[in-house]
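Undergrad: let me see the structure of the following:
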Amino acid sequence: MPVFNGGDEIVDNVGVIQRAVAEGLRAEDLEVIVVSDGSMDDTAERLLEARADLRIRLIHYDRNLGKGYAVKLGALAARGDWIALVDADLDLDPAAIPAYVDLARREGLDFAIGSKRHPDSVVDYPPSRRVASWCYQQLNRALFGLDVRDTQVGLKVFSRDVVQEVMPLLLVKQFAFDLELLAVATALGRGRIRELPVRLDYRYSGSSLGSAAVVRALVDTAAVFYRLRILRTYQRKRQLLGSRQLPPLETLPLVSLVGDPAAVDLLDYPCLEVAAGGSREEAARAATGEVLAVLAPGARPAGNWVSASIPYLFEEDVAAVVCPTLTPHGVPLRQGVAAAVLESRLGAGSRRIRYLPGNVRTLGDHEAASVVVRRAEYLEALERGIAGDRLVAWLAGRGKRTIYTPDSSVSLLPPPLVRPHLAATAAYARTRGAVARASRGASLSGSTAMSVGPAAGAVAGALLLLAGGRGHRAGSLLVLAYAAMLAISGLHAAVRFRSPTVGLLQPPAVIATHAAYLSGFLRGLLGPSSPPGG
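TA: As a prediction, the model looks like this:
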């Protein structure tokens, strides 16, 4: 059950859904997972308090990332042979789920999905939404050839095979997630779908879609088509990732939490201990788990931080797992502007995956203040004086992989503007420059170019303008292009952070960030050589 700002009724709603589903299943066959998608009210606190009584698993993280992201995290955490998705607002009758599961099992389906357009459905929702839904489904039929009349109903049942083979590939975080799930699954051979009737009592509050959400859904739909039909992104990603298998509960390793002991109450992992010790180094040495969950000071983990990382460590050459560090809601202005820079493609470049979920990948260089890591590797790094910002490079130098997963996160305030942010930028750029020198440029990527290219182009344009002559027009174009990129980035920041002030301050902060990055990168590129990781 994905939920955002569930309000006073969230605990009661979860109880109603749980009882309705349990009536058609044996109690031992039911697992309930509630995903709080960055709720800014007291939804997470209410559910934590009621967790034992409701017998639910709770995954909460401190940044609203979208319903699609929440569904993906919940499905990947689920352990059942069949996974049901249902909205928590009670618009849809959850009592249909046992019948969906029974039919899907008997007929060997990949999906049993609710449809407002099924002739036996009982629906009550506005005519405007009926028209919009019909138009959207016609678009999907034309683009993807889906023989489905309604992709968007928040009542679906799908098989464990879909979770293992399809879910890790998905990228949409907002409302077009349902379409992406069905379209990609069908393209990859998991397209046995049956539409079933639903009972929908639209409440006219809380779940309405604004024009901005509709536009975003259309943009995401076009992006799914481009990735699936043109770039074949999902097919290539499937070859890279294979099928994700959750290890059996009895084989899960003991994980020792190094950091804030209060975080243990947030984590949805059954084999967890708090490592005692005065310092992080002392706690790591005193830990008894074969895996350490090292949490940065002040960081707050998502509920699935450990459980989403452990499956990767079942591969022998994987030593550590890192994830994005999100900026929580309601931060002070200086840190909000810094976050807007770090989350922009223009201002953050290769650092962006640290602050917004990207793609699963193997890393050779990454800051690892918060990391799930094999204890033996971490202790050896401590003995050699390897700090968090050098751990990943040191592991790579020893032939050990570090996996970046976007399917979890920790939240932490970024260094504020101005000096702390610029100092952190310069330090990161200096490391990237040194790695680029050591690898003779092999480490440079398109995302790195986004940090260097625009600023370098603007500097070149300014020099051409100063020189005058024939280069004046080219210089003007370079400077204007940079200004346009800054304006677009600022507008995007204002929308993302819902703050015109953040949008106005972000462009000059990007300029200062670019200056710090260029300076640090050149220092690292031209400085004395040293092996990666020390």
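
Undergrad: got the CA coordinates for the helix or strand bottoming out on mean pLDDT in the chain in CSV?
TA: Using mean pLDDT, DSSP states H and E, the weakest-scoring helix or strand in the chain turns out to be helix 446-467, at a mean of 81. Output of helix 446-467 as CSV, limited to C-alpha atoms (Å, rounded to 0.1, in the frame of the first residue of the first chain):
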residue,chain,number,x,y,z
GLY,A,446,28.8,12.5,-20.0
SER,A,447,27.6,13.4,-16.5
THR,A,448,31.1,14.7,-15.7
ALA,A,449,31.0,16.7,-18.8
MET,A,450,27.8,18.4,-17.6
SER,A,451,29.8,19.8,-14.7
VAL,A,452,32.7,21.0,-16.8
GLY,A,453,31.4,21.6,-20.3
PRO,A,454,28.8,24.4,-19.8
ALA,A,455,31.0,26.4,-17.5
ALA,A,456,34.1,25.9,-19.8
GLY,A,457,31.9,27.0,-22.7
ALA,A,458,30.8,30.1,-20.9
VAL,A,459,34.4,31.0,-20.0
ALA,A,460,35.4,30.5,-23.6
GLY,A,461,32.5,32.6,-24.8
ALA,A,462,33.4,35.4,-22.4
LEU,A,463,37.0,35.4,-23.6
LEU,A,464,35.8,35.6,-27.2
LEU,A,465,33.7,38.5,-26.4
LEU,A,466,36.6,40.3,-24.7
ALA,A,467,38.8,39.6,-27.7
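
Undergrad: packing partners for that helix?
TA: Helix 446-467 sits against helix 345-348, helix 419-438, helix 472-496, helix 500-526, with contacts defined as 3 or more C-beta pairs under 8 Å, 6 or more residues apart in numbering; DSSP states H and E. (Each C-beta comes from the backbone N, C-alpha and C, glycine too.)

Undergrad: out of those, deepest packed?
TA: Ranked by mean neighbour count, the helices and strands packed on helix 446-467 are led by helix 345-348 with a mean of 24 (mean count of other C-beta atoms under 10 Å).

Undergrad: right, and the helix or strand after it?
TA: Moving toward the C-terminus from helix 345-348, the next helix or strand (DSSP states H and E) is helix 352-355.

Undergrad: now the least confident helix or strand of the chain, how far from the centre of its chain.
TA: Counting by C-alpha atoms, centre = their mean, to the nearest Å, helix 446-467 is centred 31 Å from the centre of its parent chain.

Undergrad: touching that helix from outside, list them.
TA: With C-beta atoms under 8 Å, 6 or more residues apart in numbering as the test, helix 446-467 has contacts from 345-353, 429, 432, 436, 471-472, 474-479, 481-482, 485, 511, 514-515, 517-518, 521.

Undergrad: quick check: L477 vs G468, distance?
TA: 15 Å (C-beta to C-beta, to the nearest Å).

Undergrad: show me how this structure divides into domains.
TA: Domain assignment for the chain, taken from automatic domain parsing, gives 2-241, 249-526.

Undergrad: what about the shortest one, start to end distance?
TA: Here the two ends of domain 2-241 are set 25 Å apart, with distance taken as C-alpha to C-alpha, to the nearest Å.

Undergrad: do the same with the last one
TA: With C-alpha to C-alpha as the measure, domain 249-526 spans 51 Å from end to end.

Undergrad: now it, how far from the centre of its chain.
TA: Domain 249-526 sits 14 Å away from the centroid of its parent chain (C-alpha atoms, centre = their mean).

Undergrad: quote the end-to-end distance of stretch 82-94.
TA: Stretch 82-94: ends 15 Å apart by C-alpha to C-alpha.

Undergrad: and it, how far from the chain's centre?
TA: With C-alpha atoms, centre = their mean, you get 22 Å for stretch 82-94.

Undergrad: who's in contact with that stretch?
TA: By C-beta under 8 Å, 6+ apart, stretch 82-94 touches 1-3, 6, 10, 13-14, 16-17, 20-21, 34, 71, 74-75, 97, 100-101, 104-105, 114, 153-160, 162-163, 198-203, 206-207.

Undergrad: just give the closest residue to R117, not the sequence neighbours.
TA: Excluding the flanking residues, the one nearest R117 by C-beta to C-beta, 6 or more residues apart in numbering is R149, at 4.2 Å.

Undergrad: number of residues surrounding the one you found?
TA: 16 (other C-beta atoms under 10 Å).

Undergrad: am I right that it sits in a strand?
TA: No: judged by DSSP: H, G, I helix; E, B strand; the rest coil, R149 forms no part of a strand; its state is coil.

Undergrad: ok, now which ones touch it?
TA: S115, R117, H118, Q137, E195.

Undergrad: let's see if you can find the most crowded of these.
TA: Ranking the contacts of R149 using other C-beta under 10 Å puts S115 first, with 22 neighbours.

Undergrad: what sits opposite that residue in the beta ladder?
TA: P197 (DSSP bridges).

Undergrad: retrieve the pLDDT associated with it.
TA: The per-residue pLDDT reported for S115 equals 94.

Undergrad: phi, psi for the residue of the chain most remote from its centre please.
TA: The C-alpha centroid of the chain is most remote from G469, which lies 49.3 Å away (C-alpha atoms, centre = their mean). Main-chain dihedrals, G469, degrees, to the nearest 10: phi 70, psi -150.

Undergrad: one more: V322?
TA: Dihedral angles (degrees, to the nearest 10) for V322: phi -120, psi 160.

Undergrad: doesn't H366 make contact with it?
TA: Yes: contact criterion C-beta atoms under 8 Å: V322 and H366 qualify, at 5.7 Å.

Undergrad: more crowded one of the two?
TA: V322 (25 against 22).

Undergrad: any idea how far that one lies from L395?
TA: 11 Å.

Undergrad: and for H514?
TA: H514 sits 30 Å away from L395, going by C-beta to C-beta.

Undergrad: could you do S519 as well?
TA: Distance, S519 to L395, by C-beta to C-beta: 28 Å.

Undergrad: pull the number of nearby residues for A27.
TA: Residue neighbour count, defined by other C-beta under 10 Å, stands at 7 for A27.

Undergrad: ok, the one 3 residues further on next?
TA: The burial metric for L30, expressed as a neighbour count using other C-beta under 10 Å, is 16.
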